[in-house]
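Peer 1: My questions are about this predicted structure, shown below with the sequence.
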Amino acid sequence: MSFQFAYLLSVLPTLFTAALVNARLAAIIVVIAVLGGTALTILRSLKIAWVNAVIAFLISFIRGTPLLIQIFLFYYVLPAIGLDLSPEAAGIAAIALNSSMFITEMMRGGLQTIDPGQIEAATALSLPRRAIWQSVVLPQLFRRILPVLINEITIVVKGTALLSVITVVDVLRTAQQIASASYRPFETLAGAALIFLLMNLVVIAAGSLTEARLAVRRG
Amino acid sequence: MAFDPSILIQYWPLFAQGAWLTIQITAMAFVLGYAVGIVVALIAQIPNRLVRILVAAYVGVLRGIPFIIILFLVYYGLPFAGIRLPAFITGTVALSLFASAYYAEIIRAAILALPRGQFESARVVGMSPLQAMRHVIAPQILRSLVPPSTNMTLTMIKESSVLSSITVAELTYQGLIVQGNTFAPFEVFAAVTLIYWAITMAVAWLAGLIEARVGQAQRETIIRNPLAAEFLSFDRRPVR
């Protein structure tokens, strides 16, 4: 059996349609994870000892165990305690939780690079807490963590492929379905690989563009 | 729902076997992946445009596609090329390939962070490029390699759970088998999770020891300004 490039091309349109599922899920996850990560960061800055201890424990748990297992936990274990989630919902919840933990850790690193003078100035102007977060800290923080955040987004995009294991019909599962009908797994999977590569290149390009624009605005 | 430990007592040999295979596979993938990573990072040093593009493509492709797809490509690709291997070897090869791209980038970045004069001076005193790498560059980048390599190794250990999808009988696979037999997802995944956690913590602890030996413990900057610390730090520190 030889590699048939024409076959690879013929499955691409179907895979592209399936890729919309991955793109949609990844977009939802990224929004939840960024919001969740930011909320966690603000919560941690309140320095409530037991809350921070719980969050630190969760972070250690999420960072110390495989994403696949976390997805299984949401998919298999939650129904056992009466919370029956659809495969998509379970997947979104698992990856979003995972990613928000990584994002709050990035933000922790980013916060340390912000000039303390900024906060002093904002306090001297008697800006309320909320305004200091909204107008002083967060805009600078997002700019600082943008490169790592883009990296995290590509990890999320790649993570959506794992949802095929819990029956979400995404690019990978579609590819497997095509392959089991045509007995051409290699070409079909190469097609799926190509699509993920493309999606991540788009993410990286969009990220670089945003970085460049932010750099210009900063002057 | 009550936690029923009898399932774990009954099936513990499966968990132990799975955990042991996970450790073996990731140890092999670490050695293989790092070896390939070093070679790729060295090749990347060759001042040639084509070479640079090829290295960038190798790293970019392996980092841009999900590991599960790399795994399936190797799994279906090797028989396609006439090579038939047991699933756990295929899995180890895929894991090594995946990790090698990241290790190569880590090494390349560490070399890049050194002053350029280091390599050139070594060449001037008559060392060959490889000698310069071995005796001048390598000893200097060793310290900065440890933290990112540890991170990547932990990622790799976690990604090895994906090998369950090509029937490699590692920890996750055994967990799914026990789950299929007992329909006790809570107990099973609690056990699997705890074992992974223990493995990654052990590796992190080991890396901490190595880091302490080669030096450069990363210390967080302490924000002394109490006003700023209110926003920029998560730690409660005595305010003086």
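Peer 2: Thanks, I have it. Numbers count the residues shown, from 1 in each chain, chains lettered A, B, ... in the order given.
Peer 1: gap between stretch A:153-161 and the chain center?
Peer 2: When distances are taken as C-alpha atoms, centre = their mean, to the nearest Å, stretch A:153-161 is centred 6 Å away from the chain's centroid.
Peer 1: neighbouring contacts of it?
Peer 2: Stretch A:153-161 is contacted from outside by A:21-23, A:25-26, A:29-30, A:33, A:67, A:91, A:95, A:98-99, A:102, A:168, A:170-172, A:196, A:199-200, A:203-204, A:207, B:63-69, using C-beta atoms under 8 Å, 6 or more residues apart in numbering or on different chains. C-beta: built from backbone N, CA, C; applies to glycine.
Peer 1: Take the residues you listed and keep only those in helices.
Peer 2: Of the positions in the contacts of stretch A:153-161, A:21-23, A:25-26, A:29-30, A:33, A:67, A:91, A:95, A:98-99, A:102, A:171-172, A:196, A:199-200, A:203-204, A:207, B:63-64, B:67-69 sit in helices, assigned by DSSP state H.
Peer 1: Low-confidence ranges, chain B, go.
Peer 2: Residues of chain B that meet the criterion pLDDT under 70 lie in B:1-2, B:215-223, B:237-240.
Peer 1: Can you show me the helices along it?
Peer 2: Using DSSP H, helices in chain B cover B:5-43, B:49-64, B:67-80, B:87-113, B:117-124, B:129-132, B:138-159, B:171-182, B:185-214, B:226-232.
Peer 1: Could I get these in a markdown table, plus columns for distance to A:Pro87?
Peer 2: Listed next are the helices of chain B as a markdown table, based on distance: least, C-beta to C-beta, whole Å:
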| stretch | distance to A:Pro87 |
| --- | --- |
| helix B:5-43 | 25 |
| helix B:49-64 | 25 |
| helix B:67-80 | 16 |
| helix B:87-113 | 25 |
| helix B:117-124 | 52 |
| helix B:129-132 | 52 |
| helix B:138-159 | 21 |
| helix B:171-182 | 16 |
| helix B:185-214 | 15 |
| helix B:226-232 | 40 |
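Peer 1: which one of the ones you listed lies closest to A:Phe72?
Peer 2: helix B:185-214 (5.8 Å; C-beta to C-beta).
Peer 1: how close does B:Ala27 get to B:Gly37?
Peer 2: 15 Å (C-beta to C-beta, to the nearest Å).
Peer 1: Please say which of the two ends up with more neighbours.
Peer 2: Neighbours per residue (other C-beta atoms under 10 Å in any protein chain shown) separate B:Ala27 from B:Gly37, with B:Gly37 holding more: 24 against 14.
Peer 1: residues in contact with that one?
Peer 2: With contact taken as C-beta under 8 Å, 6+ apart, B:Gly37 is in contact with B:99-104, B:106-107.
Peer 1: and if we set it to 7 Å?
Peer 2: B:100, B:103-104, B:107 (C-beta atoms under 7 Å, 6 or more residues apart in numbering or on different chains).
Peer 1: Quick one: the residues you listed as JSON lines, columns for neighbour count and distance to chain A too.
Peer 2: Shown next, in JSON lines, are the contacts of B:Gly37 (neighbours: other C-beta atoms under 10 Å in any protein chain shown; distance: C-beta to the nearest C-beta, whole Å):
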{"residue": "B:Ser100", "neighbour count": "24", "distance to chain A": "17"}
{"residue": "B:Tyr103", "neighbour count": "26", "distance to chain A": "16"}
{"residue": "B:Ala104", "neighbour count": "26", "distance to chain A": "16"}
{"residue": "B:Ile107", "neighbour count": "26", "distance to chain A": "18"}
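Peer 1: Near chain A, which residues of chain B are found?
Peer 2: Residues of chain B lying near chain A by C-beta under 7 Å from any C-beta of the partner chain: B:1, B:61, B:64-66, B:68-69, B:72-73, B:76-77, B:80, B:158, B:161-162, B:165, B:172, B:179, B:185-186, B:189, B:192-193, B:196-197, B:200-201, B:220-221, B:223, B:225, B:227-228, B:231-232, B:234, B:236.
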